[in-house]
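Visitor: need coordinates for the below:
(4 chains)
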There are 2 protein chains.
Amino acid sequence: MTAALSGRKAQAARNDEVILAAARAVFIADPGAPISAVAEHAGVGISALYRRYASKEELLRKLCGDGLDRYIAESEKALADDRDPWVAFTAFMAALVDADTNSLTARLAGTFTPTPELYEAAVRAESLDRAIYARTQPHFRDGIVVEDFAVILEQLTSIRLGDDHRTTQLRHRYLALMLEAMHRPSAQPPPLPGPPPTVEELTDRWRRAE
Amino acid sequence: MTAALSGRKAQAARNDEVILAAARAVFIADPGAPISAVAEHAGVGISALYRRYASKEELLRKLCGDGLDRYIAESEKALADDRDPWVAFTAFMAALVDADTNSLTARLAGTFTPTPELYEAAVRAESLDRAIYARTQPHFRDGIVVEDFAVILEQLTSIRLGDDHRTTQLRHRYLALMLEAMHRPSAQPPPLPGPPPTVEELTDRWRRAE
DNA sequence: CTTTAGCGGAACGGATCATTCCGTTCAAGT
DNA sequence: ACTTGAACGGAATGATCCGTTCCGCTAAAG
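Guide: Model prediction:
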């Protein structure tokens, strides 16, 4: 073990975070991953997990709640952003892509029974969305609705190619395209961010998962 | 059993198709579905499956191959389409969304070891893509590459909301948006096809899968 | 020198599947 | 009529996977 810093409690407190981070990473990569994979990734035993969470479901709920909180935080930040509404909106969407908060909510939803708190948070998130939508509305192309946000984010989340960094990069690429389509037509479109997907990236998928 | 038509062989021949259709439906809905689910959906016993395919993998390969063939057929049809290249391209993408061919190739890829034939088909599909791309190129916004096709299709495939019909409808909605973004800027965008996603559709996801 | 929180990891028990196997049915041939 | 065997239904098998529990061990705290 790493030892070094002070007592057992310090170590345990550190583990709290290590475990959560591992769980996030593992379940984002594979929502159906076993508990043991989380323990392994965190470099701890299974007991360390069960000491903190009574069951797998409880851990999933925790992760999902954190994801929702993050989403809400980004929404509030976006609402507080007093730049041009369209600029604020694009920043908002970009932040959501970076936070990858969608993988922890929509992706995990349905794999556990939601708690009332979770439900309330979802309601709150939705109302924030509506506020952002209302403010950005004049800049949207006709026909765009709030609900489009969620579906578009889900589409972007479905992109998974290469490592984490590359994945994020590609998501930004298609986010940019989507934003252009959502935007009330302007003059010249800006160049797409990041290099486009390459053939190898695409064909690598055919390699059997080991 | 249904009886009615002629002899055993006729019945068996009919089962060939019933089984393939069931397998397509089941694995599109859930790529990890058990073999027994296919049998059930087809209304036959498990033996009927194993009589035709030596293993689950063989069935998956067959499905994947059929999907690729379909993809190739659509590509050829698109290349033969002598309308305006951009019109032909949008029709091409729409046909791919309707065929849902992506669920049977990309989605199943990695769950079995590919055969040389499968690989050749993939190569052929890729070269057809290139031809379509080359022809449509002048109509694309700067920065669009062939490889974007695949990633965009995958994103659309990831949409799964409500029943099959609704899912297809929504995919067309976001395909339309994407096409607008890919298109060299024109005048007024047309209205988006089909009703936008609704709140219930989105929140229904939180219901636990049974 | 105890005590015990925190932990590692093997062991348990249930569930899920792909695959095999056995008995049945019925059309076709004799 | 009787035999045969292709086509099948579905239970049984055997392996794997996974959530959870349990049994020590370690070392900080008192």
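
Visitor: drop to CA atoms for contacts and neighbour counts, all remaining ones
Guide: Will do.

Visitor: burial check on the nearest residue to A:Asp69 once chain neighbours are set aside, number of neighbours?
Guide: Residue nearest to A:Asp69 in three dimensions, not counting chain neighbours: A:Ala121, with 7.3 Å by Cα to Cα, 6 or more residues apart in numbering or on different chains. A:Ala121 is flanked by 16 other residues according to other Cα atoms under 10 Å in any protein chain shown.

Visitor: I'd say A:Ala121 and A:Arg70 touch.
Guide: No: here A:Ala121 lies out of contact with A:Arg70, judged by Cα atoms under 8 Å, at a distance of 10.6 Å.

Visitor: and the residue nearest to A:Thr101 when sequence neighbours are not counted, how far from DNA strand C?
Guide: Once flanking residues are discounted, A:Thr101 sits nearest to A:Gly67: 5.1 Å by Cα to Cα, 6+ apart. Distance from A:Gly67 to DNA strand C, counting by Cα to the nearest atom of the strand, to the nearest Å: 23 Å.

Visitor: I'd guessed A:Gly67 sits against A:Leu108; true?
Guide: No: using Cα under 8 Å, A:Gly67 makes no contact with A:Leu108, being 10.2 Å away.

Visitor: quick one on the thing from earlier: and whichever strand or helix holds the residue nearest to A:Thr101, what's buried?
Guide: Using DSSP states H and E, the element containing A:Gly67 is helix A:56-80. The neighbour-count check on helix A:56-80 (16 or more other Cα atoms under 10 Å in any protein chain shown) flags A:59-72, A:74-76, A:78-79 as buried.

Visitor: the next helix or strand after that helix vs helix A:56-80, what angle?
Guide: Per DSSP H and E, the first helix or strand lying C-terminal to helix A:56-80 is helix A:85-99. Relative orientation of helix A:85-99 versus helix A:56-80 (axes from the mean of the first three to the mean of the last three Cα atoms, to 10 degrees): 160 degrees.

Visitor: off-centre distance for the helix or strand just after helix A:85-99?
Guide: For helix A:85-99, the following helix or strand on the C-terminal side (DSSP H and E) is helix A:116-136. For helix A:116-136, the separation from the chain centroid amounts to 16 Å (computed by Cα atoms, centre = their mean, to the nearest Å).

Visitor: what number of residues lie near A:Tyr53?
Guide: 14.

Visitor: so what pLDDT did the residue found closest to it once you drop the neighbours it is linked to in the chain get?
Guide: Leaving aside its chain neighbours, A:Tyr53 sits nearest to A:Leu59 (5.9 Å; criterion: Cα to Cα, 6+ apart). Here the pLDDT value assigned to A:Leu59 is 97.

Visitor: pretty sure A:Leu59 contacts A:Tyr50?
Guide: No: A:Leu59 is beyond contact range of A:Tyr50, at 9.4 Å (criterion: Cα under 8 Å).
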